[in-house]
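In: got a sequence here, can you build the structure:
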Amino acid sequence: MLRTSAANSAAVDRPSHRAVPMGHPTGPTKTYDFTPNGTADVPVWILRVGNGVFVGVAPELSTDTALAIKKHSPFPHTAVMSMLEGGSKNMAEAQSYARLTYEAMDSQYARGSAETVAAKIGDMLHSLRP
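Out: Next up is the predicted model:
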């Protein structure tokens, strides 16, 4: 549930893909099966302090995703933190799935999840601005 108070917590529901039964490949690969198999919650925490906000998420975000959140924040000071509350697997940006990066193969989230979560966080930040 979203609130208009200074501290918000919410979960964003995103598609997930199945884990490979024996784990991900241990070396370079040219193929990988990213098959969506349901949804996964993405916990999001926002704490507003004066003209700044701290944004936290459970999955490990890429630098590009964190910078996108900062760029679209209406606050002059925005800190993005990942791996909160025990953390979760990587949340790779969409291009990582096409390139078969470690982050994409290690992720429990489907392609496009990072971009969707970043946009939802942007909406949440804009709702906190007076």
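
In: can you map out the helices along the protein?
Out: Remark: helices of the chain, listed N- to C-terminal, are 63-71, 94-98, 102-106, 113-128; assignment by DSSP state H.

In: turn those helices into a markdown table, columns for distance to residue 38, mean pLDDT and mean neighbour count.
Out: Yep, even glycine has a C-beta here, placed from its N, CA and C like the rest. Shown next, in a markdown table, are the helices of the chain (distance: least, CB to CB, whole Å; pLDDT from 0 to 100; neighbours: other CB atoms under 10 Å):
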| stretch | distance to residue 38 | mean pLDDT | mean neighbour count |
| --- | --- | --- | --- |
| helix 63-71 | 22 | 97 | 17 |
| helix 94-98 | 17 | 91 | 15 |
| helix 102-106 | 18 | 87 | 18 |
| helix 113-128 | 13 | 95 | 19 |
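
In: what's the closest of those helices to residue 83?
Out: For the helices of the chain, the distance to residue 83 is smallest for helix 63-71, at 11.7 Å, taking CB to CB.

In: so which residues make contact with that closest one?
Out: Taking contacts as CB atoms under 8 Å, 6 or more residues apart in numbering, the residues outside helix 63-71 that touch it are 55, 78, 80, 82, 91, 93, 114, 115, 117, 118, 121, 122.

In: what's the distance between the third one and residue 62?
Out: Right, residue 80. Here the distance between residue 80 and residue 62 works out to 11 Å (CB to CB, to the nearest Å).
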